[in-house]
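Participant: With the input below, show me the fold.
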Amino acid sequence: MIESQTQNGTLVALWRRGDEEARNTLIEQLHGWLERTASEILRGEGHVTLTIGDLVNEAVVRLIGIDGLELQDRAHVKALSARLMRHILIDHARAKQANKRAHRRVTLVTNIAERPREDLLQLSHALQRLSAIDTEKAYIVEMRYFGGMTVADVSIVTGLSEPTVKRRWNAARAWLVDAIDAAA
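Facilitator: Got it, this is the predicted structure:
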């Protein structure tokens, strides 16, 4: 495991210097995690036309297309991938809503939150409001809720201790529950 993390750290460093082969190798190594994350995000979404492969591929395309990446390690790649998947789902939901056909709710299911499924657009609006108040907590929500990242991974990305991440995660979830309930 340590050897794999060291190798991934080296691959990230090489990618930052423009090595496309290192980038491709890293993405290949993370592909299983990307698929599991996409599967969690899409689980129970009968009305979403995106497949796991669609979501993973679009996230990878967007990840590769970002200029001047400031990634430090594998955890940062996972965090950014989670954020990209969230934006892809939101874009997809907005496109469906804008369509003249009947709109069906696009909801998100996760094994992390202890709440029933939330409407993705409601969650996105609440998360935007949280971001205006506390960007760090919003970022933690993105990594945990959309990326399925562990507290340890979030701790690495943010530089915060694991207990601090847990406290901020719980505070952010409570704030989002109140914001979504108030909007309903």
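Participant: And whichever strand or helix holds residue 178, what's buried?
Facilitator: Here residue 178 is covered by helix 162-183, with elements defined by DSSP states H and E. Going by neighbour count (16 or more other CB atoms under 10 Å), the buried part of helix 162-183 is 164, 165, 166, 168, 169, 172, 173, 175, 176, 179, 180. For glycine as for every other residue, the C-beta is placed from the backbone atoms N, C-alpha and C.
Participant: all helices of this structure, in order?
Facilitator: 2-16, 20-42, 52-65, 74-98, 120-133, 135-141, 151-158, 162-183 (DSSP state H).
Participant: Could you tell me the angle between the fifth one and helix 74-98?
Facilitator: Comparing the axes of helix 120-133 and helix 74-98 via axes from the mean of the first three to the mean of the last three CA atoms, to 10 degrees yields an angle of 130 degrees.
Participant: Same check on the last one?
Facilitator: Inter-element angle recorded for helix 162-183 and helix 74-98: 10 degrees (by the same axes, to 10 degrees).
Participant: what does the third one give?
Facilitator: Taking the same axes, to 10 degrees, helix 52-65 and helix 74-98 form an angle of 120 degrees between their directions.
Participant: Helix 52-65: how far from the chain's middle?
Facilitator: 12 Å (CA atoms, centre = their mean, to the nearest Å).
Participant: cool, the second one as well?
Facilitator: Between the mean C-alpha location of helix 20-42 and the chain-wide mean there is a distance of 12 Å, by CA atoms, centre = their mean.
Participant: buried sites along it?
Facilitator: For helix 20-42, by 16+ other CB under 10 Å, it's 22-23, 25-27, 30, 33-34, 37-38, 40-42.
Participant: Same list, those, but as a markdown table with distance to residue 58 and pLDDT please.
Facilitator: Listed next are the buried residues of helix 20-42 as a markdown table, based on distance: CB to CB, whole Å; pLDDT from 0 to 100:
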| residue | distance to residue 58 | pLDDT |
| --- | --- | --- |
| 22 | 22 | 88 |
| 23 | 17 | 85 |
| 25 | 20 | 90 |
| 26 | 18 | 88 |
| 27 | 13 | 87 |
| 30 | 15 | 88 |
| 33 | 16 | 88 |
| 34 | 11 | 89 |
| 37 | 13 | 84 |
| 38 | 10 | 84 |
| 40 | 16 | 81 |
| 41 | 12 | 76 |
| 42 | 12 | 77 |
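Participant: and which of the buried residues of helix 162-183 is nearest to residue 93?
Facilitator: Nearest to residue 93 among the buried residues of helix 162-183, counting by CB to CB, is residue 180 at 15.1 Å.
Participant: Tell me how far that closest one lies from residue 167.
Facilitator: 21 Å (CB to CB, to the nearest Å).
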